[in-house]
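**Student:** please work out how this folds:
(2 chains)
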Amino acid sequence: MMDSQRLLEQVESTATVLQVIRRSDGYLHVSIGSQDLLSCLIRARTETGFLVLQLISVVDRIEDGKFQLTYILENPDDSSILILSALFPREGCTVPTLSEIWPAAETFERELHEMYGIDFPGNDRQDEEFILEGWKDKPPMRRDFDTLEYSIRMFGERWPRNHHDPRQFIGERVGEWETPMSGEEGS
Amino acid sequence: MDDMSSMYCNCKPEAPRSQLKAWAKVDELARANSLWVTAYGTGCGAIELRPLHTSRFDMERFGIAMRPTPRQADVLIVSGYLSVKTLKRVIRVYEQMQDPKYIVALGSCTINGGMYYDSYNTLNVLDRYLPVDVYIMGCMPRPEAIIDGFGLLMEKIKAGRADGWEHYRENLEWYRDNQKKVIPKWDLPDYNW
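**Tutor:** Numbers count the residues shown, from 1 in each chain, chains lettered A, B, ... in the order given. Okay, here's the model as predicted:
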């Protein structure tokens, strides 16, 4: 299993490492500059033997105006894991495609394009429908998409419902609740 | 769709012929005691149907059995949340079933959206899109609750009140409007019978 220090040195040789998020034996999670992402991923595949792209995931950091893309790579020979994170600007987000390097990336990128509206120039299939059928609104997993408002507009208000405070509701039915905590709360 | 047009009806189904009242009673008794269910799970509630038709709860003792095709079935169980994408398939399945047919809706999600009330992709109230005969509440309802719901459905059938399928046929335009409103990519034939 590859030592995380050696992994880190190899990553540092191609990219500027901004932060080491987590490391242990055979496991390294770093955040790197977005301009170095593609070269770092290619190097990890061709030279270090990280042949498997397990996942591409996105976190919508709306407060910073960024999308955080995370790539999880695995080396099948010794099962070591390398995770690379990079921040991209949120508006008009454009990320280089990996579909030439890992064919599996094409599917991940289709999903991210549909759910977050991230553009992957060079991925020919990104405009095909992935999960949603005939979706016309804003991509639904972006955090500025108001799902409740959409749900009410599209599917209508649900039936009115009564809310009960469980303590009061059950207390009325079976007598007052007596719990060990009730004295400490002073209620 | 042109090459598939011969596979579908091009008109609404006709109303059933009127029959003798006494004979209708016999029919209802027979229907109530042999409910055949389409084996089609739409959501997480399908998990609760496995113990129901295996030996522990054994719903075959009530004459309820699973069928592999909608053509042979009387009951469609909408088990849990229904996404927009699944609704399209459920409409196809429901309309291909033979009359008379009943819908049992499981779980809070079919009643008012349940825990997915603010989801962009799941329906809130199933009754706007398909005629529900019996709702079984819970998240998820236990197998005992489902058996209880089927008991209610049997009583409704025996009393001649389980007429959701007639209501659906008579108000097809209203249901179609609602269905087309939520399904943006409507590529079904007009009549799936």
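
**Student:** so where do the strands sit in the chain?
**Tutor:** By default, I'm working from chain A. For chain A, strands defined by DSSP state E occupy the ranges A:17-24, A:27-32, A:52-61, A:66-74, A:81-89.

**Student:** actually, chain B is the one I wanted.
**Tutor:** B:36-38, B:65-67, B:75-79, B:102-106, B:134-136.

**Student:** TSV for those strands, including mean pLDDT and distance to A:V95?
**Tutor:** (C-beta placed from N, C-alpha, C; glycine too.) Converted to TSV, these look like this (pLDDT from 0 to 100; distance: least, Cβ to Cβ, whole Å):
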stretch	mean pLDDT	distance to A:V95
strand B:36-38	92	44
strand B:65-67	89	47
strand B:75-79	92	39
strand B:102-106	93	42
strand B:134-136	92	46
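
**Student:** rebuild those as CSV, extending it with distance to A:E129.
**Tutor:** Formatted as CSV, the strands of chain B follow (distance: least, Cβ to Cβ, whole Å):
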stretch, distance to A:E129
strand B:36-38, 27
strand B:65-67, 32
strand B:75-79, 24
strand B:102-106, 28
strand B:134-136, 32
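
**Student:** flag the shaky bits of chain A, pLDDT-wise.
**Tutor:** Chain A contains residues with pLDDT under 70 at A:1, A:161, A:172-187.

**Student:** what's the closest non-adjacent residue to whatever residue of it ends up closest to chain B?
**Tutor:** Here the residue of chain A nearest chain B is A:G134; by Cβ to the nearest Cβ that distance is 3.0 Å. In space, and not counting its chain neighbours, A:G134 is closest to B:K185: 3.0 Å by Cβ to Cβ, 6 or more residues apart in numbering or on different chains.

**Student:** my guess is the one you found contacts A:K136, does it?
**Tutor:** No: the pair B:K185 and A:K136 does not pass the contact test of Cβ atoms under 8 Å, sitting 9.6 Å apart.

**Student:** more neighbours, the two?
**Tutor:** B:K185 (14 against 7; other Cβ atoms under 10 Å in any protein chain shown).

**Student:** so which of the strands of chain B gets nearest chain A?
**Tutor:** Nearest to chain A, of the strands of chain B and by Cβ to the nearest Cβ, is strand B:134-136 at 11.0 Å.

**Student:** for A:L98, what are its contacts?
**Tutor:** A:L98 makes contacts with A:38, A:41, A:53, A:56, A:105, A:109, as judged by Cβ atoms under 8 Å, 6 or more residues apart in numbering or on different chains.
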